[in-house]
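A.B. asks: I'd like to go over a predicted model; first the sequence, then the structure.
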Number of protein chains: 2
Amino acid sequence: MSLLVVGSVAFDAIETPFGKTDKIVGGAASYIALAASYFTRNINLVSVVGDDFPNDFMNTLKTQGVNLEGLQIKKGEKSFFWSGKYHNDLNSRDTLETQLNVLEHFNPIVPESAKAPDFLMLGNLVPAVQQSVIKQLTKRPKLIVLDTMNFWMDIALEDLLKTIAMIDVLTINDSEARQLSGEYSLVKAAQKILKMGPKVLVIKKGEHGALLFNNEEVFFAPALPLEDVYDPTGAGDSFAGGFIGYLAKTKDISFDNMKRAIIFGSAMASFTVEKFGTERLIGLSQENVDERVQEFVDLVQFDISLV
Amino acid sequence: MSLLVVGSVAFDAIETPFGKTDKIVGGAASYIALAASYFTRNINLVSVVGDDFPNDFMNTLKTQGVNLEGLQIKKGEKSFFWSGKYHNDLNSRDTLETQLNVLEHFNPIVPESAKAPDFLMLGNLVPAVQQSVIKQLTKRPKLIVLDTMNFWMDIALEDLLKTIAMIDVLTINDSEARQLSGEYSLVKAAQKILKMGPKVLVIKKGEHGALLFNNEEVFFAPALPLEDVYDPTGAGDSFAGGFIGYLAKTKDISFDNMKRAIIFGSAMASFTVEKFGTERLIGLSQENVDERVQEFVDLVQFDISLV
């Protein structure tokens, strides 16, 4: 089924305890589209870059079946740039520099051919911009998934709440769930957030896995314990891309299928963190993905018969 | 099968964001024996208290089938006392006061009738004291499980390493695994620690679940997302008690059965944190335990068929 992905396509410069990169390709929509492309080939991407953005990466996306008609290329302008340094535990990071550049006045324009997607993935962006995308659609998608972050809770909470009320699945991390709800317990946080509109909440806990809530059920997906984690950048976006890609492929938005989708999303995130940037998400085979998912199955599979 | 439990039986005074207790009963062996008693009734406890320790709690243990012949009661002396205050996130705490009292010169004496246990659970104690218990046994137990903490890594590492080399299963938390191995990655930490002697390593991650490693496999058990966590004290000990109790009940020390045992251990820990001290571990029914375990099954159960 068709998938519309909206979010940043950008440059990152990353420093982790394991190394340092110059400007490399990043951005929420880059990770989302790449991860989703392993599940469905009917993807439209809406974003904006400057004319400094490498053709190579655009070609990679095209090769993966991502339609770039909605990717605006602003002549004489520069792409969004972020640089950050991760602390030793890789769970926290400092932003060293943010250059909004083309993102400052980003006005997403959904191409006519992409205005009736079956699935919509709104990557982290200004909430009002995310909302403007929903409003351009000619048909309510079967499923709208939105990712956001604490920054928008701090400076654009009202817009964020309005946008959240229009979607089906919200993905945020544990500290953001606590901030948004004012509850420390994630169970209580989920109960409050599900009253804000979304039918389903995904709480991402990084190396500690992810929780999936609806009003009746809760599901937990672990993260894979890895020998080496080089760079956590893009893990959450790859997770979201795998999640919605799998749902689009299987055309099933039941809670049970979302459980499977979360495992596929976690698998894609586990690839991403093994190398810097988007590198590990390029050129995976179906066999690579299946083997990785099997590792998740093995990791949590047990057999208890209660008498 | 018979189980020998060694560890502290003591008083705690606990402050959490949800309340504050006076002196209440605690101690590693108290939690371990109570949790294990839901699985096997053939338990001997070796510990020491002062004559200030309440008969009530000893009667509770006896009612749960715990044999107290090895519990020394020191006339005119006081029981071990610890008081601590948990921070808002309940993941960290400050020790306010430690009175070693009877534990200062604790010389565990295993009663003749308990010298050939099938299972031995060494709760957190001075490593040399844990080792002296192993040496008193007339027969090598089918399984020796040892719990320890960072404190002994700081001040008695050599003794600890000698003791660890004599056991089968080591249970420590994630930061202790990192300290003991010098590795940040838990996968690498496990590889190193398994070379120190134990065949199996359990890494406890509190609210983030637990990992079970042997040389070939890894298994992850989640923690149950709870609406309210009142007091984390004793969670790790209850986990260990449920783990070894289930193994003693089922007489099966295969890795697959240890996966089940970890789920039962996690279930016992999830009860413990719902109230202060040992309160919630007293008077549970078999049905309570089974229902709780079923919640763990539901939490992680998914069904993926890879083609």
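C.D. replies: Done, it's in.
A.B. asks: all helices for chain A, in order.
C.D. replies: Taking DSSP state H to define them, one finds helices in chain A at A:28-36, A:55-63, A:127-136, A:150-155, A:157-164, A:174-181, A:186-194, A:235-250, A:255-272, A:286-300.
A.B. asks: tell me the most buried of those helices?
C.D. replies: Using mean count of other Cβ atoms under 10 Å in any protein chain shown, the stretch among the helices of chain A with the greatest mean number of neighbours is helix A:28-36 (a mean of 32). Bear in mind the C-beta positions are built from the backbone N, C-alpha and C, glycine included.
A.B. asks: pairing partners for A:Ala221 in the sheet, please.
C.D. replies: When assigned by DSSP bridges, A:Ala221 has beta-bridge partners A:Ala210.
A.B. asks: next, count neighbours for it.
C.D. replies: Under the neighbour criterion other Cβ atoms under 10 Å in any protein chain shown, A:Ala221 is assigned a count of 29.
A.B. asks: find the nearest non-adjacent residue to A:Asp51, please.
C.D. replies: Take A:Asp51 and drop its neighbours on the chain: the residue closest to it by Cβ to Cβ, 6 or more residues apart in numbering or on different chains is A:Lys75, 5.4 Å away.
A.B. asks: er, A:Leu100 I mean
C.D. replies: Take A:Leu100 and drop its neighbours on the chain: the residue closest to it by Cβ to Cβ, 6+ apart is A:Phe80, 6.2 Å away.
A.B. asks: any idea how many residues pack against the one you found?
C.D. replies: Burial measure for A:Phe80: 24 neighbouring residues, criterion other Cβ under 10 Å.
A.B. asks: show me what contacts it?
C.D. replies: With contact set as Cβ atoms under 8 Å, 6 or more residues apart in numbering or on different chains, A:Phe80 has these partners: A:Ser8, A:Val9, A:Ala10, A:Phe11, A:Gly27, A:Val49, A:Gln99, A:Leu100, A:Asn101, A:Val102, A:Leu103.
A.B. asks: just checking, the fourth one touches A:Gly26?
C.D. replies: The one in question is A:Phe11. Yes. The pair A:Phe11 / A:Gly26 is scored as a contact, 6.5 Å apart, by Cβ atoms under 8 Å.
A.B. asks: mutual contacts of those two, please.
C.D. replies: Between them, A:Phe11 and A:Gly26 share these contacting residues under Cβ under 8 Å, 6+ apart: A:Trp82.
A.B. asks: any idea which residue sits dead centre in chain A?
C.D. replies: Within chain A, the residue whose C-alpha comes closest to the C-alpha centroid is A:Asp237; the distance, by Cα atoms, centre = their mean, is 2.5 Å.
A.B. asks: list the contacts for the residue nearest to that one when sequence neighbours are not counted?
C.D. replies: The spatial neighbour of A:Asp237 that comes closest, neighbours along the chain excluded (Cβ to Cβ, 6+ apart), is A:Tyr31 at 3.6 Å. The contact partners of A:Tyr31, by Cβ under 8 Å, 6+ apart, come to A:Gly234, A:Asp237, A:Ser238, A:Gly241, A:Thr272, A:Thr278, A:Leu281.
A.B. asks: please see if stretch A:292-307 touches chain B.
C.D. replies: Yes. Contact of stretch A:292-307 with chain B (Cβ under 8 Å from any Cβ of the partner chain) involves A:Val293, A:Gln294, A:Val297, A:Asp298, A:Leu299, A:Val300, A:Phe302, A:Asp303, A:Ile304, A:Leu306, A:Val307.
A.B. asks: with pLDDT added, can I get those in JSON lines?
C.D. replies: JSON lines is the format used below for the residues of stretch A:292-307 next to chain B (pLDDT from 0 to 100):
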{"residue": "A:Val293", "pLDDT": "97"}
{"residue": "A:Gln294", "pLDDT": "96"}
{"residue": "A:Val297", "pLDDT": "94"}
{"residue": "A:Asp298", "pLDDT": "94"}
{"residue": "A:Leu299", "pLDDT": "96"}
{"residue": "A:Val300", "pLDDT": "94"}
{"residue": "A:Phe302", "pLDDT": "91"}
{"residue": "A:Asp303", "pLDDT": "89"}
{"residue": "A:Ile304", "pLDDT": "88"}
{"residue": "A:Leu306", "pLDDT": "73"}
{"residue": "A:Val307", "pLDDT": "56"}
